[in-house]
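Asker: Generate a structure from the sequence data that follows.
(one chain, ligands or ions: 1)
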Amino acid sequence: MDFFKPANLEELLLKMQESSENRYLLAGGTDINVQIKNGLIKNAEVIYINHLAALNGIKETETEISIGATTTYFDILHSNLIKKHLPYFQASLDFFASPILQTSATIGGNIANGSPTADVMPLLLVLDADLKLISKSNSRKIPVSDFYFGYKKHVMKPEEIIFKIVIRKNAEEGYQHFYEKVGARKTLTIAKVALAGLKKEKSGKIKEIKLAVGSLNEFARRLPKIEAYLLGKTVTEIDYNKIDELLNLEITPITDLRSDKEYRYHVCANLIRTFLNQ
Ligand SMILES: Cc1cc2nc3c(=O)[nH]c(=O)nc-3n(C[C@H](O)[C@H](O)[C@H](O)COP(=O)(O)OP(=O)(O)OC[C@H]3O[C@@H](n4cnc5c(N)ncnc54)[C@H](O)[C@@H]3O)c2cc1C
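Answerer: Numbering: from 1, shown residues only. Got it, this is the predicted structure:
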């Protein structure tokens with residue numbers, strides 16, 4: 001295994017320009033070390049990034065909060081800036097893994113690793129967050145919804161890294177919110193199903209609604225067909241048979257060691273119903 005520790009961001013981006021078949025970044029290591037230890041990754045070229053100040057920390061502009069890629073969940077859960085502007089986001093992440101793991105696991109690693117179970121993804125999707133990707137020669141901001149296109153497949157070029165996550169300060173302002181992660185236990189558990197939701201009502205009718213699921217498809221996603229169906233409806237006008245029908249079109253749950261597809265489908269349908277009736 002090759003190991004490289006760049007002195008600074010510039011050196012990291014220069015190194016990323018070299019072609020490599022088997023290169024991995026090591027941030028908190030809570031995914032990559034497990035994969036190396038289990039032999040899923042062999043002869044890796046590992047680049048350590050956790051010491052790079054440019055990739056770390058939570059900052060604000062007048063309208064946005066940005067979270068550096070190597071910011072840990074511990075730092076997110078203890079940030080006063082996030083508590084002030086994005087309290088739903090912060091509180092929802094409380095059930096991420098365990099307190100010990102939260103001190104190592106980074107938000108950039110969680111996204112880049114690409115597991116459909118990543119806790120943060122349904123939240124970033126309903127908050128319409130952006131990802132800033134950078135390379136030596138380019139920098140681009142993309143909506144988080146455009147990042148994946150398949151199981152563990154994303155649009156990052158080989159020379160790119162996740163630089164930061166950007167969320168509008170008012171992204172959750174005025175919304176009723178919902179987040180539920182269903183696993184085998186309450187803590188230190190991987191989600192079988194996760195649902196994040198934001199809604200605004202006016203005169204009893206749904207004026208805005210955002211729903212996103214994790215652990216149900218190859219990657220976390222919004223539920224645009226259900227969102228469109230719900231717009232303009234009062235709670236009593238909602239036909240749950242129609243929601244079930246649309247849910248069948250939007251999710252393709254799998255059966256695996258953790259759960260079967262029928263369980264996942266019914267739990268997701270129940271979570272949507274719970275949110276709409278709260
Ligand atoms: C016991 C245990 C419990 C867990 N529980 C949960 C849980 O409850 N919820 C959950 O969502 N996850 C959970 N995980 C998974 C893991 O902790 C998270 O995915 C974590 O956030 C990964 O971050 P990291 O810094 O450790 O990533 P690393 O392991 O350092 O890296 C992971 C991948 O991301 C890439 N990468 C890292 N940073 C960047 C970057 N800036 N730009 C581009 N690529 C990058 C690396 O190349 C690598 O492929 C658990 C893991 C373990 C071992």
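
Asker: So which residues make contact with the helix or strand containing A91?
Answerer: A91 is located in helix 87-92, with elements delineated by DSSP states H and E. Contact partners of helix 87-92, identified using Cβ atoms under 8 Å, 6 or more residues apart in numbering, comprise 76-77, 79, 82-83, 119, 123, 127, 167, 172, 175, 177, 179, 196, 198. C-beta: built from backbone N, CA, C; applies to glycine.

Asker: Just the buried residues of the residues you listed.
Answerer: The neighbour count (16 or more other Cβ atoms under 10 Å) marks 76-77, 79, 82, 119, 123, 127, 167, 172, 175, 177, 179, 196, 198 as buried among the contacts of helix 87-92.

Asker: Closest to the ligand out of these?
Answerer: Using Cβ to the nearest ligand atom, the shortest approach to the ligand within the buried ones among the contacts of helix 87-92 belongs to D119, at 3.8 Å.

Asker: which non-adjacent residue is nearest the closest one?
Answerer: F96 (5.1 Å; Cβ to Cβ, 6 or more residues apart in numbering).

Asker: Helices of this protein, residue ranges please.
Answerer: For the chain, applying DSSP state H gives helices covering 9-16, 32-37, 73-77, 80-85, 87-92, 99-102, 107-113, 120-126, 224-230, 240-250, 261-276.

Asker: so what's the residue nearest to L198 when sequence neighbours are not counted scoring on pLDDT?
Answerer: Spatial nearest neighbour of L198, excluding adjacent residues (Cβ to Cβ, 6+ apart): Y175 at 4.0 Å. What the model reports for Y175 is a pLDDT of 98.

Asker: Provide a list of residues in contact with the residue nearest to the spatial centre of the chain.
Answerer: Centroid-nearest residue in the chain: M121, 1.9 Å away (criterion: Cα atoms, centre = their mean). The contact partners of M121, by Cβ under 8 Å, 6+ apart, come to 111, 144, 212, 214, 219-220.

Asker: What about the residues you listed, which are in strands?
Answerer: 212, 214 (DSSP state E).

Asker: most surrounded residue in the contacts of M121?
Answerer: Neighbour tally across those (other Cβ atoms under 10 Å): the maximum, 30 neighbours, falls on A220.
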